[in-house]
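> sequence below, structure please.
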Amino acid sequence: MSRFFRPGRPRPRVRRGLLALLTTAALAASGISAVSSHAADTDLARNGGFESGLNNWTCSGGTTVNTPVRSGTSALRGTPAGSDNARCSQTVTVQPNAQYTLSGHVQGSYVYLGVSGTGTTDAYNWTQSASTWQQLSTTFRTGAATTRVTVYTHGWYGTPAYYADDITLIGPGVDPGQPPAVPTGLRSTAVTSTSAALSWSAVTGATGYALYRDGVRIQTPAGTSATVAGLTPATAYSFQVAAVNDAGESARSAALTVTTGNPGGGNPGQLPPHALVGYLHASFANGSGYTRLADVPASWDVIHLAFGEPTSVTSGDIRFNRCPATECPGVESEADFKAAIQAKQAAGKKVTISIGGQNGQVQLGTTAARDAFVTSVSRIIDEYGLDGLDIDFEGHSLSLNTNDTDFKNPTTPVIVNLISAVKTLKARYGPDFILTMAPETFFVQLGYQYYGTGPWGGQDPRAGAYLPVIHALRDDLTLLHVQDYNSGPIMGLDNQYHSMGGADFHIAMTDMLLTGFPVAGNQNNVFPPLRPDQIAIGMPASVNAGNGYVSPAEVTKTLDCLTKKTNCGSYTTHGTWPALRGLMTWSINWDRFANWEFQRNFDSYFP
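Take a look at the predicted model:
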């Protein structure tokens, strides 16, 4: 309704040309420009359509997808989980005392679009349910001293994934000035066979940086450091960095050449290209029956003696007590057991002591416990002439202190002391020392969503707690065989939950290890991928061995997908890894109980 004419009163007719002429003349006479007051308005949101991935956005639980999209080819998908509402945000330079309109299109339940830091009243809009693309919009005015605001979108705790696209922030623009100066001091701070950690000097006026590898932009870190993962061993790479602000990107820095190391991994060349790994019940009996070491078929390439256990949880003093005849009828003598170890080794097999297990929790909370661990484990290895060590810490053996948030630089004593102890053992026994680990998915892949107690506290401190151990020992690690069993649903890199019982679970969990993943959704804190020759997939040998058993046909599908990229089902892997080392199972005893089903399937696949 017009402010100047009452309803029903006829409006005077003025020819558009004459009206425009009169308006221009009047403005000219008064010295006022005829340009519209909105001519300077512009869209200040960067990459609001997510066509450049998550560039310019900081997201937790977020990724880009190709469907559904409202326009272009990409949109944001945010997946809330636990105490994370999948917030995605960016900070924008604005004018003080100015009016702005924030708008975007969303799908999903309980989706929010808002702005904070306005200097006046922060604003947001939301929808309870949008089955198709729905526009959200809100307006706000900046305060007298406000020059930057943060726009964001997020979902709600425990709800399904939401989608967002075409986010705009319309209002008066700001003279961006000049691009920042070229960064200096580009250097490598740590290099492994598959990753390079880089840093550089800060640039005044930069709001972020762009990192280039061999001329291609690969990351947009907010700070002055980054880790590049997924590199090829023994390969030279050229890196450059540019500084970024609202005016654009600086020229690139001088190039830095970084050469990755040769593969380490506890001398994996000692193993066959594809290895079968199993646990032998050597210190206890259960429903599977006792199996003499000499009776283990030649197909088994790595035999873990289960288990060495501590005298107490915190002592670090590990003892290996073989199963007594009263509990294990038919158990061999000590002399025959040692002779069987030597015979396996003469045939090219590896025999290790596995520490921990379900009942053997180990917490190396002090340096005294650490030293006792080194001494006692060395005693076992020396007494039986073993090839190495398997770390099978479960339960509450590993957890992270509240302030321990960076897997690359752990501070929790039980973590730091374990790393130190294993490095000491590795140094003592040399490059032929076999080092394997058998963590549960809760301690590894769950780290994609949660790490320790989390930014707000309250999470299980064990979440992802194996990641700092694996990362620190990755160049000493022969095999990582995560237990893909007795596990709850775990989110994969497709941001979908995967559950035990089929090939899909093993494919998704293994793809995470071979691709790497941001820890707790932080794109600037990526757990680097491991080499395929360091990975054996852990599976139960039979329905009696544990939850998560899959049939031989599903095992074959898993191997087909990961080594040939066939039979993958609905999950799309991030690569093809014909050098995948093999399979691990719990256990040799349970496989014998099941008429060697697991072993026979492996032998037929890798003849």
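
> dump the residue contacts of Cys149.
To be clear, residue 149 is Val; Cys isn't right here. With contact taken as C-beta atoms under 8 Å, 6 or more residues apart in numbering, Val149 is in contact with Thr91, Val92, Val94, Tyr100, Val115, Ser116, Gly117, Thr118, Phe140, Thr142. Placement of C-beta: from N, CA and C, glycine included.

> export those to a markdown table and append columns for pLDDT.
Below are the contacts of Val149 laid out as a markdown table (pLDDT from 0 to 100):
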| residue | pLDDT |
| --- | --- |
| Thr91 | 88 |
| Val92 | 90 |
| Val94 | 92 |
| Tyr100 | 97 |
| Val115 | 96 |
| Ser116 | 95 |
| Gly117 | 94 |
| Thr118 | 96 |
| Phe140 | 96 |
| Thr142 | 96 |
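
> tell me the one among those residues nearest to Ala346.
Nearest to Ala346 among these is Thr91, at 64.8 Å by C-beta to C-beta.

> assign the closest one to helix, strand or coil.
strand (DSSP: H, G, I helix; E, B strand; the rest coil).

> who does it form a beta bridge with?
Per DSSP bridges, the residues bridged to Thr91 are Thr150.

> and it, what does it touch?
Counting by C-beta under 8 Å, 6+ apart, Thr91 touches Gly117, Arg148, Val149, Thr150, Thr207.

> just the closest of these to Thr515, please.
Of all the contacts of Thr91, Thr515 sits closest to Thr207, with 29.3 Å by C-beta to C-beta.

> Leu418 belongs to a helix?
Yes: under three-state DSSP, Leu418 falls within a helix.

> for Gln358, see how far away it is.
Relative to Gln358, Leu418 is positioned 18 Å away (C-beta to C-beta, to the nearest Å).

> have a look at the two and say which one is more surrounded.
Leu418 (28 against 11; other C-beta atoms under 10 Å).

> look up phi and psi at the nearest residue to Ala438 once chain neighbours are set aside.
Nearest non-adjacent residue to Ala438, counting by C-beta to C-beta, 6 or more residues apart in numbering: Asp392, 4.4 Å away. Taking degrees, to the nearest 10, you get phi -120, psi 60 for the backbone angles of Asp392.

> what about the most centrally placed residue in the chain, distance to Val482?
Compute the mean C-alpha point of the chain, and by C-alpha atoms, centre = their mean the closest residue is Phe517, 2.5 Å away. Separation of Phe517 from Val482 (C-beta to C-beta) stands at 13 Å.

> for Tyr429, same thing?
Distance from Tyr429 to Val482, by C-beta to C-beta: 24 Å.

> neighbour count: those two, which is higher?
Neighbours were counted for Tyr429 and for Val482 using other C-beta under 10 Å; Val482 has more, 26 against 19.

> ok, the closest residue to Gly452 other than its chain neighbours - contacts?
The spatially closest residue to Gly452, leaving aside those adjacent along the chain, is Leu400, at 3.6 Å (C-beta to C-beta, 6+ apart). Applying C-beta under 8 Å, 6+ apart to Leu400 gives the contacts Pro410, Thr412, Ile415, Tyr451, Gly452, Thr453, Pro461, Arg462, Ala463, Gly464, Ala465.

> now Ser288
Going by C-beta under 8 Å, 6+ apart, Ser288 touches His281, Asn544, Ala545, Ser587, Asn589, Trp590, Arg592, Phe593.

> now Met584
Counting by C-beta under 8 Å, 6+ apart, Met584 makes contact with Val277, Gly278, Ala438, Leu479, His481, Ala536, Ile537, Gly538, Met539.

> kindly recompute the last result at 6 Å.
By C-beta atoms under 6 Å, 6 or more residues apart in numbering, Met584 lies in contact with Val277, His481, Ala536, Gly538.

> the chain: helices as residue ranges?
For the chain, the helices defined by DSSP state H cover 16-30, 334-346, 367-384, 413-429, 467-472, 503-515, 552-564, 588-593, 597-605.

> what packs against the longest one?
With contacts defined as 3 or more C-beta pairs under 6 Å, 6 or more residues apart in numbering; DSSP states H and E, the packing partners of helix 367-384 are helix 413-429.

> export the helix it packs on to PDB, keeping only CA atoms.
Extracted in PDB, the C-alpha atoms of helix 413-429 (Å, rounded to 0.1, in the frame of the first residue of the first chain):
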ATOM      1  CA  PRO A 413      51.300 -39.700  29.800                       C
ATOM      2  CA  VAL A 414      49.900 -43.100  28.800                       C
ATOM      3  CA  ILE A 415      50.200 -42.100  25.100                       C
ATOM      4  CA  VAL A 416      53.600 -40.500  25.300                       C
ATOM      5  CA  ASN A 417      55.100 -43.300  27.400                       C
ATOM      6  CA  LEU A 418      53.800 -46.000  25.100                       C
ATOM      7  CA  ILE A 419      55.300 -44.300  22.000                       C
ATOM      8  CA  SER A 420      58.600 -43.900  23.900                       C
ATOM      9  CA  ALA A 421      58.600 -47.500  25.000                       C
ATOM     10  CA  VAL A 422      57.900 -48.900  21.500                       C
ATOM     11  CA  LYS A 423      60.600 -46.600  20.000                       C
ATOM     12  CA  THR A 424      63.100 -47.900  22.500                       C
ATOM     13  CA  LEU A 425      62.200 -51.500  21.600                       C
ATOM     14  CA  LYS A 426      62.500 -50.700  17.900                       C
ATOM     15  CA  ALA A 427      65.900 -49.200  18.500                       C
ATOM     16  CA  ARG A 428      67.100 -52.100  20.600                       C
ATOM     17  CA  TYR A 429      66.100 -54.800  18.000                       C
END
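
> could you give me the buried positions within it?
Neighbour counts over helix 413-429 (16 or more other C-beta atoms under 10 Å) mark 413-422, 424-426, 429 as buried.

> among those residues, which one sits closest to Val296?
If you rank the buried residues of helix 413-429 by distance to Val296 using C-beta to C-beta, Tyr429 comes first, at 23.3 Å.

> ok, now how distant is the closest one from Leu386?
Tyr429 is 10 Å from Leu386, by C-beta to C-beta.

> got it, and Leu136?
Leu136 sits 63 Å away from Leu386, going by C-beta to C-beta.

> who touches Asn189 in this structure?
Wrong residue type there; residue 189 is Thr, not Asn. By C-beta under 6 Å, 6+ apart, the neighbours of Thr189 are Ala197, Ser199.

> with the one 5 residues further on instead?
Going by C-beta under 6 Å, 6+ apart, Thr194 touches Leu231, Pro528.

> now do the nearest residue to Leu305 once chain neighbours are set aside against Arg600, distance only.
Of all residues not flanking Leu305 in the chain, Ala282 sits nearest, at 4.3 Å (C-beta to C-beta, 6+ apart). Between Ala282 and Arg600 the distance is 23 Å, computed by C-beta to C-beta.

> so between those two, which is more surrounded?
Set Ala282 next to Arg600 and count neighbours by other C-beta under 10 Å: Ala282 wins out with 27 against 15.

> so the more buried one sits against His304, correct?
No: contact criterion C-beta atoms under 6 Å: Ala282 and His304 do not qualify, at 9.0 Å.

> distance of the nearest residue to Thr73 once chain neighbours are set aside relative to Pro439?
Spatial nearest neighbour of Thr73, excluding adjacent residues (C-beta to C-beta, 6+ apart): Asn66 at 6.0 Å. Per C-beta to C-beta, Asn66 is found 33 Å from Pro439.

> please say which of those two ends up with more neighbours.
Per other C-beta under 10 Å, whichever of Asn66 and Pro439 has more neighbours is Pro439, with 25 against 9.
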